[in-house]
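In: The amino acid sequence is not available; the structure is as follows:
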């Protein structure tokens, strides 16, 4: 139904690939020089075995974080966020929650891991997802012991939030822009946006850039109050995250690859 969307990452001499489909679910590390398998770890079936096939898929690109001087591979797969030893593929800890996977990558600052979990269906009320702040210093199942705070969100979170100087910037799947305090999970400010956002926010030169699916880039100042300083449009649909290359911005639309030099308007 849907192809893989997880990107590979490089760690030291390893090329690490997250493969989680309806048929197979594992993470594999290849020697980046010759392609030989260094380790391969199956995802724990007890986390997703009761889910429908589509719920077993995941689209997450893992990240590497350093905790007390030791590196961890953080991989938010179907129904569980799991930390692995990137050298061996051995599981270190897990947080179990959700009936499916989200697309947003994990992210981290000040040795805290932040991750969107799969959606939850309560006995009464609408389905929801949660953004979790996790203390990554634990071991084993840390679902009830190392989660620092939870921030309820609508399901189908696509973009990866941006974290900068203790503030998290994100747009949820109902077009709500949030600035969240990373330490506490409290909302600093929020604003309903008129457009839909699938690409992730990025930071450059003191500003934060958010590009909507219809090609509008909104530029806001970093900080605890909302200050929208620019809005610019390009033709076409945009689902890819804007990239910064030296003094240029690069945007991929459904038809073109667009480069904007310096401070020129789009």
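Out: Cool, got the structure. Just so it is clear, the model here is predicted, and its values are computed rather than measured.
In: From residue 112, how far out is the residue nearest to the spatial centre of the chain?
Out: In the chain, the residue lying closest to the centroid (C-alpha atoms, centre = their mean) is residue 105, at 1.9 Å. Distance, residue 105 to residue 112, by C-beta to C-beta, to the nearest Å: 15 Å. Where C-beta positions appear, they are placed from N, C-alpha and C, glycine not excepted.
In: And for residue 258, the neighbour number?
Out: Summarising burial for residue 258: neighbours were counted as other C-beta atoms under 10 Å, giving 17.
In: Could you pull up the residues touching it?
Out: Residue 258 is in contact with 234, 250, 251, 252, 266, counting by C-beta atoms under 8 Å, 6 or more residues apart in numbering.
In: residue contacts, the fourth one?
Out: The one in question is residue 252. 238, 240, 258.
In: Filter those down to just the ones in strands.
Out: Using DSSP state E, residue 258 are the members of the contacts of residue 252 that sit in strands.
In: Run a quick neighbour tally on residue 107.
Out: Applying other C-beta under 10 Å, we find 21 residues neighbouring residue 107.
In: Look at residue 160 and give its secondary structure.
Out: coil (DSSP: H, G, I helix; E, B strand; the rest coil).
In: ok, it - contacts?
Out: Applying C-beta under 8 Å, 6+ apart, the residues near residue 160 are 104, 105, 107, 200.
In: how about the residues you listed in TSV, adding secondary structure, distance to residue 177 and pLDDT?
Out: Converted to TSV, those look like this (DSSP: H, G, I helix; E, B strand; the rest coil; distance: C-beta to C-beta, whole Å; pLDDT from 0 to 100):
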residue	secondary structure	distance to residue 177	pLDDT
104	coil	15	90
105	coil	19	92
107	strand	17	97
200	coil	13	96
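In: Out of these, give me the two with the largest separation.
Out: Farthest pair in the contacts of residue 160 (C-beta to C-beta) is 107 and 200. Separation: 9.5 Å.
In: what about residue 54, which SS state?
Out: The local conformation at residue 54, judged by three-state DSSP, is helix.
In: Would you confirm that it contacts residue 20?
Out: No - if you go by C-beta atoms under 8 Å, residue 54 and residue 20 don't touch, sitting 11.7 Å apart.
In: more neighbours, these two?
Out: The neighbour comparison of residue 54 against residue 20 (other C-beta under 10 Å) goes to residue 20, with 22 against 13.
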